[in-house]
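1. fold the following, please.
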Amino acid sequence: MPEIQRRTSPTQKPIPPAKDLKFGQHFSDHWFWSKYSEGKGWFESRIEPYGPLALDPAASVFHYGQALFEGMKAFRRANGEIGIFRPEFNHSRMCDGAARLCLEAPPKELFMQGLKQLIQVDERWVPSDEGCSLYIRPTLIGTEGFLGVRPSREYVFFILLSPAAAYYSGGNQTVKIWVEDKALRAAPGGLGATKAGANYAASLQAGLEAKRRGYAQVLWLDVQHEGIEEVGTMNVFFVLKDEIVTPALNGSILPGCMRDSALRLLREQGAKVSERRITISEVAERHARGELLEAFGTGTAAVISPIGELNLRGNTMVIHGHEPGPVAQNLQQTLIGIQRGTVADKFGWMKTLEQL
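-> Model (predicted):
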């Protein structure tokens, strides 16, 4: 692994107070980056003052969409230490996604050391306020300048740090969701199971239309507009009378870190949990029979996002009286407690900087 060079900023940016933090809109003083070139390997790893990234206008990231990222969080724990939630999961998923996009994944040591040293340099940006965290965005892009459909032979891996408050301004209140039955987020054999930038570009139009209608996000369906896949940028769970269901990973659903964490916690608590195909028709039928008790999304940014309403072709399904249900609340409290160090970490998910 190349030695990480440091060039620190002579000045420090002011950190906004917790009440003014908007998700993904504030960035720390520095960023980390490393270059890869075919035949040369990884080289020139640096921590530098946050600033523009110079790229060739013909870089493959612009023309052929070779872009992949991860979302992670660091926390100021109850004992004052900084803890990072499941960093190995994110590195492993980046490696899987890199293979799908024909990118060169950063080795684990480079990923972890870049993360560790960047947070050490910008430690003051890790919030201690309740509900706040340091959002981490590792990113991998193709940078070779050429026009022609083939994988890049040059890459840049970089990491950004962004202090954040709660993802939704309303805190852990329920959100209203529009069921999207025209546009598709992903298709079988596509990039749905990869955290590629292209997936998010494909979701923007439907998301904007949902907001115009007064809904926070969309519930994505499969190519038959029947099987449920994700909710916005999150995995989705339904608490039914006789089981808790999340859609099975089918190649077009992202294997989320919070999805995996929620499944493990629910099973450890003795809940009957199923990973299977669940359709919007089944959800509507269960709701009509009073058997849809809760619904919620899971994701790094929001952790647990309770769903209070689904709109399917103009028909409204109110869930748990527009209030967060007990399963969602328990998961939220447990996960945040583990992250903050106030709940026992039975699975060893939290890592200190020294453990990276």
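
2. count the residues that sit near the residue nearest to residue 6 when sequence neighbours are not counted.
-> Excluding its sequence neighbours, the residue lying closest to residue 6 (Cβ to Cβ, 6 or more residues apart in numbering) is residue 47, at 4.8 Å. (C-beta placed from N, C-alpha, C; glycine too.) Neighbour count for residue 47, taken as other Cβ atoms under 10 Å: 21.

3. where do the strands of the stretch 1-150 of the chain begin and end?
-> 5-6, 30-37, 41-49, 67-69, 72-76, 82-85, 133-142 (DSSP state E, counting those that start in this stretch).

4. backbone phi and psi for the closest residue to residue 341 other than its chain neighbours, please?
-> In space, residue 341 comes closest to residue 77 once its chain neighbours are excluded; the distance is 3.6 Å by Cβ to Cβ, 6+ apart. The phi/psi pair for residue 77 (degrees, to the nearest 10) reads phi -80, psi 170.

5. cool, residue 227 as well?
-> Recorded main-chain torsions at residue 227 are phi -70, psi 130, according to degrees, to the nearest 10.

6. okay, it: pLDDT?
-> Residue 227 carries a pLDDT value of 98.

7. ok, now residue 35?
-> 98.

8. and what about the residue lying closest to residue 315 once chain neighbours are set aside, helix, strand or coil?
-> Once flanking residues are discounted, residue 315 sits nearest to residue 284: 7.7 Å by Cβ to Cβ, 6+ apart. Classification of residue 284 using DSSP: H, G, I helix; E, B strand; the rest coil returns helix.

9. what ranges does this protein have for its helices?
-> 60-63, 87-101, 108-121, 197-212, 257-268, 280-288, 326-340 (DSSP state H).

10. of those helices, which approaches residue 17 most closely?
-> helix 326-340 (19.6 Å; Cβ to Cβ).

11. pLDDT of the closest one, averaged?
-> Here the average pLDDT along helix 326-340 is 97.

12. packing partners of that helix?
-> Helices and strands touching helix 326-340, by 3 or more Cβ pairs under 8 Å, 6 or more residues apart in numbering; DSSP states H and E, are strand 72-76, strand 82-85, helix 257-268, strand 292-299, strand 303-312.

13. so which of the ones you listed is nearest residue 66?
-> That would be strand 72-76 among the helices and strands packed on helix 326-340, by Cβ to Cβ, at 21.1 Å.

14. could you check how far the closest one is from the centre of its chain?
-> 13 Å (Cα atoms, centre = their mean, to the nearest Å).

15. could you export it as PDB, CA atoms only?
-> Extracted in PDB, the C-alpha atoms of strand 72-76 (Å, rounded to 0.1, in the frame of the first residue of the first chain):
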ATOM      1  CA  MET A  72     -21.100   4.900   6.100                       C
ATOM      2  CA  LYS A  73     -21.200   6.700   9.500                       C
ATOM      3  CA  ALA A  74     -18.900   7.500  12.400                       C
ATOM      4  CA  PHE A  75     -20.200   8.500  15.800                       C
ATOM      5  CA  ARG A  76     -19.000  10.200  18.900                       C
END
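
16. name the residues that touch that strand?
-> With contacts defined as Cβ atoms under 8 Å, 6 or more residues apart in numbering, strand 72-76 is touched by 82-87, 90, 115, 119, 126-128, 133-138, 300, 339-341, 350.

17. buried only: go through those residues for me.
-> 82-87, 90, 115, 119, 126-127, 133-138, 300, 339-341, 350 (16 or more other Cβ atoms under 10 Å).

18. and the residue of the chain positioned farthest from its centre, how far is that from residue 282?
-> Distance to the chain centre peaks in the chain at residue 289, reaching 33.5 Å (criterion: Cα atoms, centre = their mean). Using Cβ to Cβ, to the nearest Å, we find residue 289 at a distance of 11 Å from residue 282.

19. kindly report the same for residue 90.
-> 32 Å.

20. repeat for residue 307
-> 16 Å.

21. the two: which is more packed in?
-> Taking other Cβ under 10 Å, residue 307 and residue 282 do not tie; residue 307 has more neighbours (28 against 18).

22. could I get the strands of the stretch 1-150 of the chain as TSV with distance to residue 217?
-> Formatted as TSV, those follow (distance: least, Cβ to Cβ, whole Å):
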stretch	distance to residue 217
strand 5-6	40
strand 30-37	29
strand 41-49	35
strand 67-69	19
strand 72-76	20
strand 82-85	23
strand 133-142	18
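
23. residue 102: which of those strands is closest?
-> Counting by Cβ to Cβ, and looking across all of these, nearest comes strand 133-142 at 8.3 Å.

24. can you give the strand pairings for the closest one, parallel or anti for each?
-> strand 67-69 (antiparallel), strand 72-76 (antiparallel), strand 154-164 (antiparallel) (DSSP bridges).

25. wait, residue 335 sits on residue 304?
-> Yes - Residue 335 is in contact with residue 304 according to Cβ atoms under 8 Å; the separation is 6.9 Å.

26. who's more crowded, those two?
-> A direct count of neighbours by other Cβ under 10 Å for residue 335 and residue 304 places residue 304 higher, at 24 against 20.

27. so what pairs up with the more buried one in the strands?
-> If you apply DSSP bridges, the partners that residue 304 bridges to are residue 298.

28. how about the contacts made by it?
-> Counting by Cβ under 8 Å, 6+ apart, residue 304 has contacts 172, 258, 262, 296-298, 328, 331-332, 335.

29. ok, now with 10 Å
-> Listed by Cβ atoms under 10 Å, 6 or more residues apart in numbering, the contact set of residue 304 reads 172, 234, 237, 258, 262, 296-298, 324, 327-336.
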